[in-house]
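> model the following, please.
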Amino acid sequence: AAKEVGLIQDDVQSVSIPTKPSTSKPYKKHKPKKQQTQAPKVPSPEPSPEHRLPSPSNDPLLGESEVIDIKSTYKESIKKLEGRADRLEEENIDLEELYSVHSKVDTAAPIVEKEKSFKQWKI
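Alright, predicted model coming up:
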C-alpha cells in the first residue's frame, strides 16, 4: 500500500503548474469614454401670475362663510352615509333571518326524504 501511495505522489509532483497568465485571451485595452454632447440648457420662462400657484405660506386663511359651507357639506354627507349604513344594517338583519329560515327548511327536507327512502328499501 505504501508503494501505491508513493507512486501517486510521484505522479502529482511531475505535473507542472503554469505560473504565467494564459496568452490565449489578450487583455482588453482601456478605452476612454466618449463624452455625450448635451443640449444647451435654456432657462424656462417665468410663469405668468395667472398660472402661478400660491405657496402654502402665502395662502390666505379661509373666510368664516367658507368654513361654514365646508362644515355643512360634510354634515350632509355624514347624514347620508349614516342613513345608508342604517338601511344596510336592516337589510343585513332581514337577510340573516331569511337565511336561518331557509337553512331550517333545507335541513328538514332531506331528512324526510331519507326516511321515506329508508322505509322503501326495508319493504
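> show the average pLDDT along the helix or strand containing Leu81.
Following DSSP states H and E, one finds Leu81 within helix 64-122. For helix 64-122, the mean per-residue pLDDT is 81.
> please begin residue numbering at 4 from this point
With 4 as the first residue, the last one maps to helix 67-125.
> could you measure from Ile81 over to Tyr102?
31 Å (Cβ to Cβ, to the nearest Å). For glycine as for every other residue, the C-beta is placed from the backbone atoms N, C-alpha and C.
> swap that for Lys83, please
28 Å.
> pLDDT value on Pro21, please?
Reported pLDDT for Pro21: 61.
> could you do the one 3 residues further on as well?
Model confidence at Pro24, expressed as pLDDT, equals 60.
> and for the one 5 residues further on?
Per-residue confidence for Pro29 comes out at a pLDDT of 59.
> now swap in the one 4 residues further on and tell me
With respect to pLDDT, His33 scores 63.
> how about the one 4 residues further on?
Among the per-residue scores, Lys37 holds a pLDDT of 67.
> same deal with the one 5 residues further on?
The predicted local distance difference test score for Ala42 is 64.
> ditto for the one 4 residues further on
Pro46 carries a pLDDT value of 61.
> check the one 4 residues further on too.
Note for Pro50: predicted pLDDT of 59.
> how about the one 5 residues further on?
In the prediction, the pLDDT value recorded for Arg55 is 64.
> got it, and the one 4 residues further on?
In the predicted model, Pro59 carries a pLDDT score of 55.
> again with the one 5 residues further on
Per-residue confidence at Leu64 stands at 69 (pLDDT).
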